[in-house]
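In: here is the input, now give the coordinates:
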Amino acid sequence: MSPQLSPEQTYGRRASIVPGVTLFRTRVYRDPRGALTVGEFSNEVPFTPQRYFMIYDVPSIESRGEHAHRLCHQYLVCIRGSCRAIADDGTHREEFVLDSFDLGLHLPPMIWGTQYRYTADAILLVFASHSYDPDDYIRAYGAFIEERRRQGL
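Out: Below you'll find the model as predicted:
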């Protein structure tokens, strides 16, 4: 008979000061066989993922992201090492330290996202709501601010 698993820590979600951005902490279970973290897409990821990608081997001086999406949601989990993520709506900005595999950051559309300060061993897993579409990206911050203004955001 397998040992009964019980949650190790509190899990849940915290809304960011950037409207629409949410930091999730998934459940972690430990027993003599090891540890397990579980996230349910219907509870922790507020969209149906259509693709995923992983970012790794990033030199510590480099930043990634530095864009917004018009339609695509993203959910970021640093599954190894750590990195910092910034969410910015043009008015509010918050920085997050993604340093645990049980933390997930939801970035909805029309939020400027930047990731930086990757540790040498960092692996950032990103779930995306849409297939890759270069026209969904806003790559210039000024254009992002202007598009938010035009949309009344």
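In: name the single longest helix found in the protein.
Out: In the chain, assigned by DSSP state H, the helix with the most residues is helix 141-151.
In: just the residues contacting that one, thanks.
Out: Contacts to helix 141-151, defined as C-beta atoms under 8 Å, 6 or more residues apart in numbering, come from residues 67-68, 70, 89-90, 110, 112, 138. Where C-beta positions appear, they are placed from N, C-alpha and C, glycine not excepted.
In: make it 6 Å
Out: Contact partners of helix 141-151, identified using C-beta atoms under 6 Å, 6 or more residues apart in numbering, comprise 68, 90, 112, 138.
In: stretch 88-101 too?
Out: For stretch 88-101, contacts defined as C-beta under 6 Å, 6+ apart pick out 16-18, 37, 78-79, 82-87, 105, 111-112, 145, 148.
In: swap in stretch 106-118?
Out: Contact with stretch 106-118 is made by 20, 22, 46, 58, 63-66, 68-71, 73-75, 83-89, 144, as judged by C-beta under 6 Å, 6+ apart.
In: average pLDDT across it?
Out: The average pLDDT for stretch 106-118 rounds to 97.
In: which residues in this protein form helices?
Out: 41-44, 141-151.
In: rebuild these as a markdown table, extending it with mean neighbour count.
Out: Formatted as a markdown table, the helices of the chain follow (neighbours: other C-beta atoms under 10 Å):
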| stretch | mean neighbour count |
| --- | --- |
| helix 41-44 | 13 |
| helix 141-151 | 13 |
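In: for these, which one sits closest to Leu125?
Out: Of all the helices of the chain, it is helix 41-44 that lies closest to Leu125, at 13.1 Å by C-beta to C-beta.
In: so what touches the closest one?
Out: Contacts for helix 41-44 (C-beta under 6 Å, 6+ apart): 24, 26, 104.
In: mind checking which of these are in strands?
Out: For the contacts of helix 41-44, the ones inside strands are 24, 104, with DSSP state E as the criterion.
In: one step back: least confident of the helices of the chain, on average?
Out: Comparing mean pLDDT over the helices of the chain, the weakest stretch is helix 41-44, at a mean of 78.
In: can you tell me which helix or strand of this structure has the lowest average pLDDT?
Out: None of the helices or strands of the chain scores lower by mean pLDDT, DSSP states H and E than helix 41-44, at a mean of 78.
In: how near is Gly152 to Ala35?
Out: 45 Å (C-beta to C-beta, to the nearest Å).
In: thank you, goodbye.
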